[in-house]
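> Next input, structure requested:
(one chain, ligands or ions: 2)
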Amino acid sequence: MIKKFGFVFCLSAFSLLAQSLPEFADSLPNPISDENSRILDQTGILESSGTKHKLNEVITHLEKETSVEMTVVILPSVDPLVPKQVAIELFRIWGVGKKRKGNGILILHVLDQRRIEMEIGYGLEEKLTDIICKNILEERAIPYFELGAFSVGYESLFDSITGVLKSDHAPFLKVLGESSEKFPKPTEAALDEIPEGLEAYLDPSSESREIWEQRYPIFLYMGILIAMIGYFFLWERRDPWLKHYKESHYWETRFRIWASLFLGFSFVCIIISITSFCYAKWGGDFLPQFIAVPGFFGLVLFFFTFNWFKKFWEDSLQYLPIPCKKCGSKLYPVFDETDREEYLDQNDSKEESLHSYRFIIFKCKLCYAIEKQRKPDYRYEEYSSCPNCKIRSVYEKTKTIHSSTYDKEGEEEVKFKCIYCEYSNIKNRIVPKQIRSTRFFLRGGAGSNH
Ligand SMILES: [Zn+2]
Ligand SMILES: [Zn+2]
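Ligands and ions are numbered 1, 2, ... in the order given. Just a heads-up that it's a prediction; the model follows:
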């Protein structure tokens, strides 16, 4: 049934394109003559609960008792027509109500606009005034429709109309009981089954979600493209450019700025893409996912790249010019190898070749003043300072005497030796007990050791 409905729904939506009002009204089957039913439901929304039959009985019963003719039309869309005009036109061409009495009621429900129109024959206008109709719709029907409880909404709506029509005294609204008492709002499990293809019509955010569904791949491709451009135009050509601009410390900094920009833009695009995807997929309940999904990726990325970026910037900022204390001009870093060697003594060169320290030589272009900066290099931790020759060139060699277990500490022999002089030293060191980290992990967070 749902499948079949989907097909009908697609067809009717398609045939609506560029139709005039009379053409459109003509295309709808008159429920009174065609189906022997007072309800034309092109959405199938009343099918799952079997309410359609029940509602039809209410209408025929009302007709027998009061001769009032009522018909209901539920459509997925009337686009590009106006629901009110469609209701008037259908009321006219179908001739709802007895001609001399003018006692017809037509209810048009347009789902994509979430709009209900009530057309009342002139014979009933005294009882079903505009204000009363508005009141009935807003108080007795729409609160249920908003929940997705269409069957209950229509039962309540019909009950209210019948109540007003059967009463003889004004004010007519007083004859209606409290609708919430008579028709309790159903729980989520008891709501009407929404036919396939209609979810979008019943969801007010569906339009913007569709737009973002189209946009998210664009942002994804943009992010990838920017990252690729960054890779080929910056990273791949980095070395030749750096060599070419070796004299200029600015180039390195400039390279880093561009690389950060490319990475940043690429990252932003991908985050927008993920965010759009979440919105398109989850719509109104989007907030938790918005915080969870891109926030999670963002945090992970930030966590893994933070130190790298920090080092990246610290490194490049080290080469920025510094003020000259002598003449007030600026000191610039020296990159040329032969120039540098002039200003480095033997010990400096030894440390630099071990990468325990590196030296940045700054030179003033006006007064030729020199400043030498000594910074820990990437193998700084592997060495310690030699008490004999003062160079950071002492390395350790460890030999296990007995290894540690879970229950017992171990012991090892550490041999300290300088690379450049005769200095050497031997010390014994305690190795701490091993920790049962894997076992604890397998047991889960609440585990304890016995
Ligand atoms: Zn100077
Ligand atoms: Zn030494």
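
> so is the closest residue in space to residue 51 that isn't next to it in sequence in a helix, a strand, or just coil?
Sequence neighbours aside, residue 151 is the residue nearest to residue 51 in space, at 3.7 Å (criterion: Cβ to Cβ, 6 or more residues apart in numbering). (C-beta placed from N, C-alpha, C; glycine too.) Assigned by DSSP: H, G, I helix; E, B strand; the rest coil, the conformation of residue 151 is helix.

> and residue 151, how far is that from ligand 1?
Per Cβ to the ion, to the nearest Å, residue 151 is found 89 Å from ligand 1.

> and what of residue 186?
85 Å.

> Against ligand 2, how distant is that residue?
In terms of Cβ to the ion, residue 186 sits 86 Å off from ligand 2.

> number of nearby residues for that residue?
16 (other Cβ atoms under 10 Å).

> mind checking the end-to-end distance for stretch 386-394?
With Cα to Cα, to the nearest Å as the measure, the ends of stretch 386-394 fall 6 Å from one another.

> Numbering from 221 from now on, please.
OK, 221 is where the count begins now, so the last one is stretch 606-614.

> Give me the contact list for it.
Stretch 606-614 is contacted by residues 567, 570-571, 574, 576-577, 600, 603-605, 636-643 when judged by Cβ atoms under 8 Å, 6 or more residues apart in numbering.

> And stretch 376-389, by the same measure?
In contact with stretch 376-389 (Cβ under 8 Å, 6+ apart) are residues 275, 278-279, 282, 285-286, 288, 290, 325, 327, 344, 347-348, 352, 356-357, 360-361, 364, 392-393, 395-396, 399, 402-403.

> quick check: mean pLDDT across it?
Averaged across stretch 376-389, pLDDT comes to 84.

> What residues of it count as buried?
For stretch 376-389, the neighbour count (16 or more other Cβ atoms under 10 Å) marks 376, 377, 378, 379, 380, 381, 382, 383, 384, 385 as buried.

> can you check stretch 584-592 too?
Within stretch 584-592, the residues scored as buried using 16+ other Cβ under 10 Å are residue 584.

> same thing with stretch 242-262?
244, 245, 248, 250, 251, 257, 258, 259, 260, 261, 262.

> Check stretch 431-442 too.
Within stretch 431-442, the residues that count as buried by 16+ other Cβ under 10 Å are 432, 435, 436, 439, 440, 442.

> which residues touch the fourth one?
What it means is residue 439. Residue 439 sits next to 489, 490, 492, 493, 496 when contact means Cβ under 8 Å, 6+ apart.

> if you look at the residues you listed, which of them are in helices?
Using DSSP state H, 489, 490, 492, 493, 496 are the members of the contacts of residue 439 that sit in helices.

> Now that residue 297 has come up, it's in contact with residue 421, right?
Yes. Counting by Cβ atoms under 8 Å, residue 297 touches residue 421, with 7.1 Å between them.

> who touches both of these two?
Residues touching both residue 297 and residue 421 by Cβ under 8 Å, 6+ apart: 331, 332.

> hang on, the earlier thing: any idea of the pLDDT on the residue nearest to residue 271?
Residue 371 is given a pLDDT of 86.

> okay, now it: neighbour count?
23.

> Wait, it touches residue 267, no?
No. Using Cβ under 8 Å, residue 371 is not in contact with residue 267, being 9.8 Å away.

> And the contacts of residue 439, which is closest to ligand 2?
residue 490 (51.6 Å; Cβ to the ion).

> Now the closest one: closest residue in space, sequence neighbours ignored.
Leaving aside its sequence neighbours, residue 490 sits nearest to residue 443 (Cβ to Cβ, 6+ apart; 3.9 Å).

> From the chain's centroid, how far away is the one helix or strand that neighbour maps to?
If you go by DSSP states H and E, residue 443 is part of helix 426-450. Centroid separation for helix 426-450 versus its chain: 12 Å, with Cα atoms, centre = their mean, to the nearest Å.

> mean confidence for it?
In this model, helix 426-450 has an average pLDDT of 88.

> Break down the stretch 471-620 of the chain into its strands, ranges please.
Counting by DSSP state E, counting those that start in this stretch, one finds strands in the stretch 471-620 of the chain at the ranges 542-543, 550-553, 577-584, 590-596, 604-605, 612-622.

> err, the stretch 271-420 of the chain, not the other one
Under the criterion DSSP E, counting those that start in this stretch, strands of the stretch 271-420 of the chain are mapped to 289-295, 324-330, 335-340.

> What residues of the last one count as buried?
Buried residues in strand 335-340, counting neighbours by 16+ other Cβ under 10 Å, are found at 336, 337, 338, 339, 340.

> and which of those is nearest to residue 479?
Nearest to residue 479, judged by Cβ to Cβ, of the buried residues of strand 335-340 is residue 336 at 58.8 Å.

> ok, so what distance separates that closest one from residue 360?
Residue 336 sits 11 Å away from residue 360, going by Cβ to Cβ, to the nearest Å.

> Alongside ligand 1, which residues does the chain contribute?
Contact residues, the chain versus ligand 1 (Cβ under 5 Å from the ion): 544, 546, 547, 549, 584, 586, 587, 589.

> hang on, the fifth one packs against residue 551?
Pointing back at residue 584 there. Yes. If you go by Cβ under 8 Å, residue 584 and residue 551 touch, sitting 5.0 Å apart.

> List the residues that are in contact with both of the two.
Common neighbours of residue 584 and residue 551 (criterion: Cβ under 8 Å, 6+ apart): residue 544.

> In space, what's closest to residue 278 - neighbours in sequence excluded?
Spatial nearest neighbour of residue 278, excluding adjacent residues (Cβ to Cβ, 6+ apart): residue 378 at 4.8 Å.

> tell me the domain ranges of this structure?
What automatic domain parsing lists as the domains of the chain is 222-422, 426-537, 603-663.

> just those: most buried one?
Highest mean neighbour count among the domains of the chain (mean count of other Cβ atoms under 10 Å): domain 222-422, with a mean of 17.
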